[in-house]
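*Asks:* Just need the structure, nothing else, for what follows:
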Amino acid sequence: STSIAPDAEAAQMSFFQRLAGIYFEPTKTFADISRKRSWIGMLVLLSIVTIGANYTLMYRMDPADAAVKGLAMFKPVIKKFMSADQLAQMEDRVAQEASQPRSFLARHSQVVTTPISLFIAYVILAVIFLLAFLATGAGISFRKTLTVTIWGSGAPAILVTLLGILFMFVKNPADLDVFPAYNVVSN
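*Replies:* Numbering: from 1, shown residues only. Down below sits the predicted model:
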């Protein structure tokens, strides 16, 4: 009897079977992903969920509050270069500009930028993993590393982002974090 190498076999699972399998049958699913290294569907789904979370955040959170909270993340660095008065003026200016009506393009540019940003982030992460694999002597291709990276980290990201959307509707808008997934964190 002749046996076919696992990489040469045709994939057995559809996209939605893989998506469910990531959570319930990861060994079988990753073996199927290894046979057919397709990641575009997962990236598209993750992009759609992320865009939905960002739109939910825009709908629920005051734009001025979002801008000030976003600026607050950089305060430790900014404080090294600005006085307290300059920082307060900057916060006021950022809040005022964020309250101004935005153009259609500015409000909806994330439809284009989100998939590109996610792809770039996953490529960088896959390069880091590939270098680690190669350092340990593993013979693995970049495409296989990218596919496993997107499927392996994309599936939990979808769940966290969906929970983030749910919590954004439940939480007080003043208590929301500018990163949708951070709204899931509890103490």
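*Asks:* List of residues touching the worst-scoring helix or strand of the chain on mean pLDDT?
*Replies:* Lowest by mean pLDDT, DSSP states H and E among the helices and strands of the chain is helix 104-108, with a mean of 79. For helix 104-108, contacts defined as CB atoms under 8 Å, 6 or more residues apart in numbering pick out M58. For the C-beta atoms, the positions are set from N, CA and C on the backbone; glycine is no exception.
*Asks:* same check, this time on stretch 161-170
*Replies:* The contact list for stretch 161-170, computed with CB under 8 Å, 6+ apart, reads 46, 49-50, 52-53, 56-57, 60-61, 176, 180-184.
*Asks:* okay, that stretch in PDB with CA atoms only?
*Replies:* C-alpha atoms of stretch 161-170 as PDB (Å, rounded to 0.1, in the frame of the first residue of the first chain):
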ATOM      1  CA  THR A 161     -13.100  41.200  20.000                       C
ATOM      2  CA  LEU A 162     -16.700  39.900  20.000                       C
ATOM      3  CA  LEU A 163     -16.700  40.000  23.800                       C
ATOM      4  CA  GLY A 164     -15.300  43.600  23.600                       C
ATOM      5  CA  ILE A 165     -18.200  44.600  21.300                       C
ATOM      6  CA  LEU A 166     -20.700  43.100  23.800                       C
ATOM      7  CA  PHE A 167     -19.100  44.800  26.800                       C
ATOM      8  CA  MET A 168     -18.900  48.200  24.900                       C
ATOM      9  CA  PHE A 169     -22.700  48.100  24.800                       C
ATOM     10  CA  VAL A 170     -23.000  47.100  28.500                       C
END
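*Asks:* In it, which residues are buried?
*Replies:* Counting neighbours by 16 or more other CB atoms under 10 Å, one finds that the buried residues in stretch 161-170 are 161-162, 164-165, 167-168.
*Asks:* Having no further points to raise, I will conclude here.
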